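Asker: My questions are about this predicted structure, shown below with the sequence.
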Amino acid sequence: MTLLTQSSTWQALSAHSKNVPHMRELFATDAARFNKMSLSACGLLLDYSKNRATAETLDLLFALASNSQLEAKIKAMFAGEIINTTEKRAVLHTALRSTAEQSIIAEGQDIVPEVQQTLNKMQGFVSSVTSGQWKGYTGKAITDIVSIGIGGSFLGPKIVSQALRPYWNPELKCHFVANVDGTSISEKLKLLDPETTLFIMSSKSFGTQETLTNTLTAREWFLAKGGLQSDVAKHFVAVTSNVAKATDFGIDSDNIFPMWDWVGGRYSLWSAIGLPIALLIGMDNFRALLSGAHQMDEHFANAPLTENMPVIMGLLSLWYGNFFNAQSHVVLTYDHYLRGLPAYFQQLDMESNGKSVTLNGTDVDYSTGPVIWGGEGTNGQHAYHQLLHQGTALIPADFIMPLQSHNPIGEHHDQLASNCFGQTQALMQGRTFDEALAELANSALPAAKKQLIAKHKVMPGNKPSNTLLMDKLTPSTLGALIALYEHRTFVQGAIWDINSFDQWGVELGKDLGNDVLARIGAGQDCDALDASSNALINLYRQGKI
Ligand SMILES: O=P(O)(O)OC[C@H]1O[C@H](O)[C@H](O)[C@@H](O)[C@@H]1O
């Protein structure tokens, strides 16, 4: 057994998990439950009262956090200690949204000045492109940006841009290409004019196959359409921590925006990887996004554990995963602009906490990161919510909704809000057999049939949810919201004692993919691998089944 599961707090939580009353009862016996179990910070309000938790539950969870040295681990991250031990890196995405007055040391050097310099370089670039001063090779202003990148170099820019659509510069369009499937880039290129298109190649490593291949294809297209090699600098810029490789690739050194080893890919939208966002919403709004995240950093670093939003959310999710066998967690966004957020949180959390050994290499004997999934409300209510209400799996849910809409037409927003709140209520209270039977009182069905139908209409309730509200979706509230989930992920990784900042599983896929590519391109059929892989490669080589 690991020290964690042997600990008296863990054992106490395990025993306590069998004795928590149904939430209906918890609400019926405490009119102040919402007041006690809700919290405001950084423009967000978290209602966590619809959870299977009593004061004793929370005390035990906070004790678990304290015993896991959570506060010291938070300090270590902010202080730039090498907490990504397998890759020997500090984890300092928080430095990207620090104030210019702060001083943050990584590997013996204050990194705030270079963060500020890069922001200033982004500012100059954004103003040059959006003012029309930056010209394409025929002297025309840029109208279209194509952001090429994958993983963290794609999801952050894409989803934040999508979320902040009301703030877009109407003169500019942005397209995202991630997939190496030639269809993705081909369909985009069909829409574009090489004279007015600017490509941003985003790759921290500058070694990711998909991104390099898509960039080469974009460059070939540009040259085939009439651009000259000497025009490439006007149409291609890169964001990378590997400046040497980008220069070798042919990107003009003035057009390279740096990032650093101490920023993980899935935490990088705050760096120059966020350039497509900055181009679309302008630098002031981009800085407001950073500032919202910075406020959440301050809250996370300074609020006591019992009033700390990421800590509370992290602990409650861990409670269900480790003590109620919940294997997934659903994120439901009641705002069309936030429809991409579940996919963003999916990468953030699953790539971070999909681990099974502790920092010192011991196999864990508890479950770690759950499957994160979700979608936009209200659409899910007409689909997978059925399983949330009556399925056999316990799936804790986060409901996220702004109180004010950017598009306040008629009764739309009232209906959206009523669906959001109605769902959390239904999940919590469910419907008893007697209630279901009473609803059938006026039907003409025979008594036995009523009993049967009532049985099918029973919903156990007691399904946990958090509700996160904000006044309005703005760059600042979005920044705080994303940072909240980053830190929630950190809290869980810290308690599980795993490295939330490496991704060896993803790396293996890349290595084997390259090996298979070489075998596909070889002059002969493959017989060196397992029978299935050999057969699949050879069928592919033949081009038919
Ligand atoms: O930015 P790049 O170096 O091209 O990396 C892109 C992506 O590659 C890998 O798959 C990592 O697991 C991701 O976290 C990363 O964001």
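Answerer: Great, that's in hand.
Asker: hey, let's count contacts and neighbours off CA atoms from now on
Answerer: Noted.
Asker: Give me the pLDDT value at the spatially most central residue of the chain.
Answerer: In the chain, the residue lying closest to the centroid (C-alpha atoms, centre = their mean) is F345, at 2.3 Å. Note on F345: pLDDT of 98.
Asker: quick one: it and I372 touch, right?
Answerer: Yes - the pair F345 / I372 is scored as a contact, 7.2 Å apart, by C-alpha atoms under 8 Å.
Asker: Could you tell me which residues of the stretch 251-400 of the chain lie near the ligand?
Answerer: G265, R266 (C-alpha under 6 Å from any ligand atom).
Asker: Recalculate using a threshold of 8 Å.
Answerer: G264, G265, R266, E351 (C-alpha under 8 Å from any ligand atom).
Asker: same thing with the stretch 51-200 of the chain?
Answerer: Near the ligand, when you scan the stretch 51-200 of the chain using C-alpha under 8 Å from any ligand atom, you find G149, I150, G151, G152, S153, F154.
Asker: switch the cut-off to 5 Å
Answerer: Within the stretch 51-200 of the chain, the positions adjacent to the ligand are I150, G151, G152, S153 by C-alpha under 5 Å from any ligand atom.
Asker: which element follows the strand or helix carrying the last one toward the C-terminus?
Answerer: In other words, S153. Element membership for S153, per DSSP states H and E: helix 152-163. Remark: after helix 152-163, the chain's next helix or strand is strand 173-177, criterion DSSP H and E.
Asker: number of nearby residues for F78?
Answerer: For F78, the neighbour count with other C-alpha atoms under 10 Å is 18.
Asker: Kindly report the same for L517.
Answerer: Neighbour count for L517, taken as other C-alpha under 10 Å: 12.
Asker: Can you list phi and psi of it for me?
Answerer: phi -60, psi -40 (degrees, to the nearest 10).
Asker: and if you look at I409?
Answerer: Dihedral angles for I409 - degrees, to the nearest 10 - are phi -110, psi 130.
Asker: what about it, distance to A303?
Answerer: Using C-alpha to C-alpha, to the nearest Å, one gets 38 Å for the distance from I409 to A303.
Asker: Check this structure for me, the residue farthest from its geometric middle.
Answerer: Most distant from the centre of the chain: P446, at 51.4 Å, with distances by C-alpha atoms, centre = their mean.
Asker: shouldn't A76 be in contact with A90?
Answerer: No - if you go by C-alpha under 8 Å, A76 and A90 don't touch, sitting 9.2 Å apart.
Asker: what is in contact with those two at once?
Answerer: Listed as contacting both A76 and A90 by C-alpha atoms under 8 Å, 6 or more residues apart in numbering are I83.
Asker: These two: which is more packed in?
Answerer: Neighbours per residue (other C-alpha under 10 Å) separate A76 from A90, with A90 holding more: 24 against 15.
Asker: can you map out the strands along the stretch 201-350 of the chain?
Answerer: 236-240, 256-258, 328-333 (DSSP state E, counting those that start in this stretch).
Asker: so of the ones you listed, which one's packed in deepest?
Answerer: Among the strands of the stretch 201-350 of the chain, strand 236-240 has the highest mean neighbour count (mean count of other C-alpha atoms under 10 Å), at a mean of 25.
Asker: who does that strand pair up with?
Answerer: As defined by DSSP bridges, the strand partners of strand 236-240 come to strand 197-202 (parallel), strand 256-258 (parallel).
Asker: Need the CA coordinates for the longest one. PDB is fine.
Answerer: Pointing back at strand 197-202 there. Taking Å, rounded to 0.1, in the frame of the first residue of the first chain, the C-alpha atoms of strand 197-202 are listed here in PDB:
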ATOM      1  CA  THR A 197      -2.600  35.200 -45.600                       C
ATOM      2  CA  LEU A 198      -0.200  35.000 -42.700                       C
ATOM      3  CA  PHE A 199       0.800  31.600 -41.200                       C
ATOM      4  CA  ILE A 200       1.800  31.200 -37.600                       C
ATOM      5  CA  MET A 201       3.700  28.000 -36.900                       C
ATOM      6  CA  SER A 202       3.300  27.200 -33.200                       C
END
